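Colleague: From the sequence below, what's the structure:
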Amino acid sequence: MTEAASGSPPLASAAAGARRGAGAAAVVALGILLSRLTGLVRQSVFAHYLGNSATAGAFTAALRIPNFLQNLFGEGALSASFIPVYAGLLARDDRGEASRVAGAVGALLALVVSGLVLGGVAATPLLVDVLAPGFEGGTRALTVRLVRVLFPGIGLLVLSAWCLGILNSHRRFFLSYAAPVLWNAAMIGTLLYFGGRTGESALAMKLAWGAVVGSALQLLVQLPMVLRLAGPLRPALRAAGPHVRTVVRNFVPAFVSRGIVQISAFVDSIIGSLISAAAVAALGYAQAVYTLPVSLFGMSVSAAELPAMSSVVGSSDEVAAHLRRRLDAGLQRIAFFVVPSAVAFAALGDLIAAALFQTGRFGRADAVWVWGILAGSAVGLLAATMGRLYSSTYYALRDTRTPLRYALVRVALGTVAGYLLAVPAPRALGLGPAWGAAGLTLASGTVAWLEYALLRRTLNARIGRTGLRSSYAARVWGAGALAAAAAWAARLSLPPLHPKLGAVVVLATFAAAYGLVALALRVPEARALARRVLRR
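Modeller: Coordinates of the predicted model:
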């Protein structure tokens, strides 16, 4: 039964569901925060030793190529197909069948990924030529060697996504999202130990091996709890059971949908390689920053809501009402945090980049370059993040095909717009070719709004009106704009400071101003956050 059907007052039920969703999302966010913070430390150490060099571009491209498998099979496709089925079985207290489904899916996943890893290692030169066509000579050769080392480690990360599906279904969110801390830590340790004693190419190769070690650690730290929660697993290469067939059937469109999104990321990498290897590195630094709010607030809310939405039972009207309440509450939580992130990227991106990466071989000009890329990404940051939650709602309804159709539209338009803004547009505007990297993120952000609008319109026709209220959006955007003005006033009044210290002062001013203005405008999430802080 849904909460509404159980006899609880509707408003109390909605409030209780929102509190539970917010609590679960907070746990996910904490795990992701730890992971992303260590990721930023890794990128900062990476920038210190390799900067925006050709070697940095080679490693960034090399990591992205096998990482395709992780993103393809990870929290996107596997979660969309596996969690709704597994969580549904747990909700019906059919733990025996849930254990059989988990074992069968794990065995099938291991078999498929093993084949793809072997094929990827064999086809690495072709993959590099297709996905980094601008690389030549030593840069291309180094990229090929790096990809061959990285592929097996990414295969281990794919298997950790199976652990994530089981842990999330049991509402054990923290471990699966904090586990990547070990992956980042292994790479940070490698950089610190070898960074001052080896050349650039040798350091990149050692870093690749450090990533493989980190992948193994990330998988192994989750296995004990997975085995304890899932019960006795019997891996079997079969898909005869109806629930396993459902997972496989739903996996295919989710896999293709996730693949389409990844193709979009690869298109950016391909176009970036045509600009320069340094542009690929700059895109990598910017990606480490702008994926932080997407992961913290979009992924955390979506990951927490997917098993909760998938567990709802009742009549179609009851399920629709429950989904609307959870979706709208999740959209507000996302917007409260993502809107100021987008404003900060656009208004203060150079300070953010300088604070995180300006050291060693990464200079002021590099920080400004990354700022331009961040400003482009800010355009579609909110749309891309809210779109994740809409996709999770479709997945909870066992519909993986609708997000696929709209992903195809997004990629097709994004590819055309990305090329035009990255290559011809800078020449036409008299800008240096390096600024084409900012055009790529601007194009991606623009088409993200189209995808979001399509997802929302179709879901509204199915379950009723949903979406972020215009009055709420006006309040959080207004708070963000006033906070940016306050931050710039503080920035202009400061004497010359070290980039990290100056960023701390200005960004703290921005955060404080946003919180105070949001409180003055009676934004519910600001008031709830203030109450939690005061209680503690």
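Colleague: mean confidence score for the helix or strand harbouring Ala347?
Modeller: Using DSSP states H and E, Ala347 sits in helix 316-357. Average pLDDT, helix 316-357: 94.
Colleague: next one: that helix to chain centre, how far?
Modeller: Relative to its chain's centre, helix 316-357 lies at 12 Å (C-alpha atoms, centre = their mean, to the nearest Å).
Colleague: Beyond that helix, next helix or strand please.
Modeller: Next along from helix 316-357, by DSSP H and E: helix 364-378.
Colleague: What residues of that following helix count as buried?
Modeller: Neighbour counts over helix 364-378 (16 or more other C-beta atoms under 10 Å) mark Asp366, Ala367, Trp369, Val370, Trp371, Gly372, Ile373, Leu374, Ala375, Gly376, Ser377, Ala378 as buried. Bear in mind the C-beta positions are built from the backbone N, C-alpha and C, glycine included.
Colleague: quick check: angle from the next helix or strand along the chain from it to helix 316-357?
Modeller: Scanning forward in sequence from helix 364-378 by DSSP H and E, the next helix or strand is helix 381-396. Angle, helix 381-396 to helix 316-357, by axes from the mean of the first three to the mean of the last three C-alpha atoms, to 10 degrees: 140 degrees.
Colleague: average pLDDT for helix 381-396?
Modeller: Rounded mean pLDDT across helix 381-396 is 91.
Colleague: Remind me what the following helix or strand past it packs against, helices and strands.
Modeller: Next helix or strand after helix 381-396 toward the C-terminus (DSSP H and E): helix 401-422. The contact analysis (3 or more C-beta pairs under 8 Å, 6 or more residues apart in numbering; DSSP states H and E) places helix 401-422 against helix 242-275, helix 381-396, helix 436-463.
Colleague: chain center to the shortest one, what's the gap?
Modeller: Yep, that's helix 381-396 we're talking about. The chain centre lies 12 Å from the centre of helix 381-396; the measure is C-alpha atoms, centre = their mean.
Colleague: re the thing from before, ok, which of the helices and strands packed on helix 401-422 comes nearest Val212?
Modeller: helix 242-275 (21.0 Å; C-beta to C-beta).
Colleague: Now do the helix or strand hosting Ala279 against helix 364-378, angle only.
Modeller: Secondary structure assigned from DSSP H and E places Ala279 in helix 277-293. Interaxial angle of helix 277-293 relative to helix 364-378 (the same axes, to 10 degrees): 50 degrees.
Colleague: Tell me what angle helix 277-293 forms with helix 436-463.
Modeller: 30 degrees.
Colleague: Let's see helix 277-293 as PDB, backbone CA atoms only.
Modeller: Taking Å, rounded to 0.1, in the frame of the first residue of the first chain, the C-alpha atoms of helix 277-293 are listed here in PDB:
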ATOM      1  CA  ALA A 277      45.500  17.800 -26.500                       C
ATOM      2  CA  ALA A 278      45.600  20.700 -23.900                       C
ATOM      3  CA  ALA A 279      41.900  21.300 -24.600                       C
ATOM      4  CA  VAL A 280      41.100  17.700 -23.700                       C
ATOM      5  CA  ALA A 281      42.900  18.300 -20.400                       C
ATOM      6  CA  ALA A 282      41.100  21.600 -19.700                       C
ATOM      7  CA  LEU A 283      37.700  19.900 -20.400                       C
ATOM      8  CA  GLY A 284      38.800  17.200 -17.900                       C
ATOM      9  CA  TYR A 285      39.500  19.700 -15.100                       C
ATOM     10  CA  ALA A 286      36.200  21.500 -15.800                       C
ATOM     11  CA  GLN A 287      34.300  18.200 -15.800                       C
ATOM     12  CA  ALA A 288      35.700  17.400 -12.300                       C
ATOM     13  CA  VAL A 289      34.100  20.600 -11.100                       C
ATOM     14  CA  TYR A 290      30.800  20.800 -12.900                       C
ATOM     15  CA  THR A 291      29.900  17.100 -12.200                       C
ATOM     16  CA  LEU A 292      30.200  17.800  -8.500                       C
ATOM     17  CA  PRO A 293      26.800  19.400  -8.100                       C
END
